[in-house]
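1. sharing a model that was predicted from the sequence below.
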Amino acid sequence: MVGWSRLLSPAAKFASYRAVLREPACRNALQQQLRRMGGDHGHHHMTIKPSRFQWDKFKDLMHFYVMLGVIPVTALILYANIFVGPAQLAEIPEGYEPKHWEYEKHPISRFISRYMLNSEQQNYEKSLHYLFEENEKAQIRLLEDQVRRKMSERNDYQAYYYR
């Protein structure tokens, strides 16, 4: 019985609060509070639309990598144009043969010609080597045709002889 009396006093206190909560004014206040938790800006629904995550990610990466390349290249071009400037014509000393990149006027063109592109002489020698290789292949094909022709004339065949 002692246990029931212990439970009965808090229940009686809760009953008094419960009666307050049942009154219409208090119930309306609670309902209005619950309704306004969304911000109450007029619309109470979320529109379902396709995600823009991939598009936004693409734009972010595109801007990042463009700026990663554009800013240093712009700084390099400005430095070359302001501080180095175009080349000036001068007399060539006796016995000196200029390199192929020294004929370029702009410093960036000189850099590209020196470190990235082949000289005209090197391109010419590469084309001569290509023609030499093609000529060798043609001579080998002619020799193979002669061997086949001789084999057909003599009724011979291409094989190894075993004893």
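-> The structure has been received and is ready for your questions.
2. for Gly85, give its distance to Ile108.
-> Gly85 sits at a distance of 11 Å from Ile108 (criterion: Cβ to Cβ, to the nearest Å). Backbone N, C-alpha and C define where each C-beta goes, glycine included.
3. could you pick out the longest helix of the chain?
-> Scanning the chain for the helix with the most residues, using DSSP state H, yields helix 120-153.
4. in it, what's buried?
-> In terms of neighbour count (16 or more other Cβ atoms under 10 Å), helix 120-153 has no buried residues at all.
5. return the residues in contact with the closest residue to Glu120 other than its chain neighbours.
-> On the basis of Cβ to Cβ, 6 or more residues apart in numbering, the spatially nearest residue to Glu120 that is not a chain neighbour turns out to be His100, at 6.6 Å. Shown in contact with His100 (Cβ atoms under 8 Å, 6 or more residues apart in numbering): Ser113, Ser119, Glu120, Gln121.
6. and of these, the nearest to Gln158?
-> Using Cβ to Cβ, the shortest approach to Gln158 within these belongs to Gln121, at 44.5 Å.
7. got phi/psi on the spatially closest residue to the closest one that is not a sequence neighbour?
-> Spatial nearest neighbour of Gln121, excluding adjacent residues (Cβ to Cβ, 6+ apart): His100 at 7.3 Å. Per-residue torsions, His100: phi -70, psi -30 (degrees, to the nearest 10).
8. what confidence value was assigned to His100?
-> Note for His100: predicted pLDDT of 92.
9. quick check: the gap between it and Leu89.
-> Between His100 and Leu89 the distance is 17 Å, computed by Cβ to Cβ.
10. cool, and Ser152?
-> For Ser152 relative to Leu89 (Cβ to Cβ), the value is 68 Å.
11. same thing with Ile108?
-> The value you get for Ile108 to Leu89, if Cβ to Cβ is used, is 19 Å.
12. so these two - more neighbours on which side?
-> Ile108 (14 against 6; other Cβ atoms under 10 Å).
13. let me have the contacts of His100 in a markdown table, extended by distance to Tyr96.
-> Below are these laid out as a markdown table (distance: Cβ to Cβ, whole Å):
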| residue | distance to Tyr96 |
| --- | --- |
| Ser113 | 18 |
| Ser119 | 17 |
| Glu120 | 19 |
| Gln121 | 17 |
